[in-house]
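S.K.: based on what follows, work out the 3D shape:
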Amino acid sequence: MKRILSITAAAFMMVAAPALAGDTPAPEGAAVYFINLSDGDTVSAPVKVNFGLAGMGVAPAGTEKEKTGHHHLLIDRPPLGEGPDGAEELTYGIPADDHHKHFGGGQTEVTLDLAPGQHTLQLVMGDMNHVPHEPPVASDVITITVK
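M.R.: Predicted coordinates for the structure are as follows:
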């Protein structure tokens with residue numbers, strides 16, 4: 001039984017190793033930002049979010065090309081790298097759930113159906129494996145109010 005667990009763990013590490021990157025360098029001066037939203041804005045639902053990017057290109061997830069990445073949108077959660085799972089998302093990749101939206105197809109906008117009230121948003125670039133670049137290319141966290 002012990003041998004089976006060791007073999008299983010070794011196999012997992014070989015498969016997971018590429019996703020443990022965290023070493024994809026960010027181009028100097030790269031920045032991601034919201035084009036159509038600013039901190040403190042009051043908006044109506046549905047909320048259209050346009051992603052801006054400077055100093056690097058957009059490429060779909062799984063594409064290995066220098067100075068590129070794809071967008072992720074963090075919704076109603078602590079800033080990238082903070083909170084209970086913050087350190088893990090910097091090393092192992094950004095999870096996919098209601099608070100972490102992936103745009104691995106290279107999309108540069110989304111329309112969100114957010115409930116009325118305050119919401120926080122942050123854009124983050126991820127490498128081919130959804131791991132943030134080093135250093136992370138992330139926007140400031142903004143707070144919007146949906147009426």
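S.K.: give the buried residues for the strand ranked longest in the chain.
M.R.: If you go by DSSP state E, the chain has its longest strand at strand 117-126. Of all the residues in strand 117-126, those buried under the rule 16 or more other CB atoms under 10 Å are 119-126. Yep, even glycine has a C-beta here, placed from its N, CA and C like the rest.
S.K.: just checking, what packs against it?
M.R.: strand 31-34, strand 47-54, strand 68-75, strand 142-146 (3 or more CB pairs under 8 Å, 6 or more residues apart in numbering; DSSP states H and E).
S.K.: what mean pLDDT does the last one have?
M.R.: When pLDDT is averaged over strand 142-146, the result is 98.
S.K.: got the contact list for that strand?
M.R.: Residues from elsewhere that reach strand 142-146, judged by CB atoms under 8 Å, 6 or more residues apart in numbering: 34, 37-45, 47, 114-122.
S.K.: buried sites along that strand?
M.R.: Buried, per 16+ other CB under 10 Å, within strand 142-146: 142, 144, 146.
S.K.: between the residues you listed, which is nearest Pro79?
M.R.: The closest of those to Pro79 turns out to be Ile142 (CB to CB; 10.9 Å).
S.K.: for that closest one, name its beta-bridge partners.
M.R.: Residues in a beta bridge with Ile142, per DSSP bridges, are Leu121.
S.K.: which residues of the protein score low on pLDDT?
M.R.: 1-22 (pLDDT under 70).
S.K.: pick out the residue nearest the middle of it.
M.R.: Nearest residue to the geometric centre of the chain (CA atoms, centre = their mean): His72, 3.2 Å.
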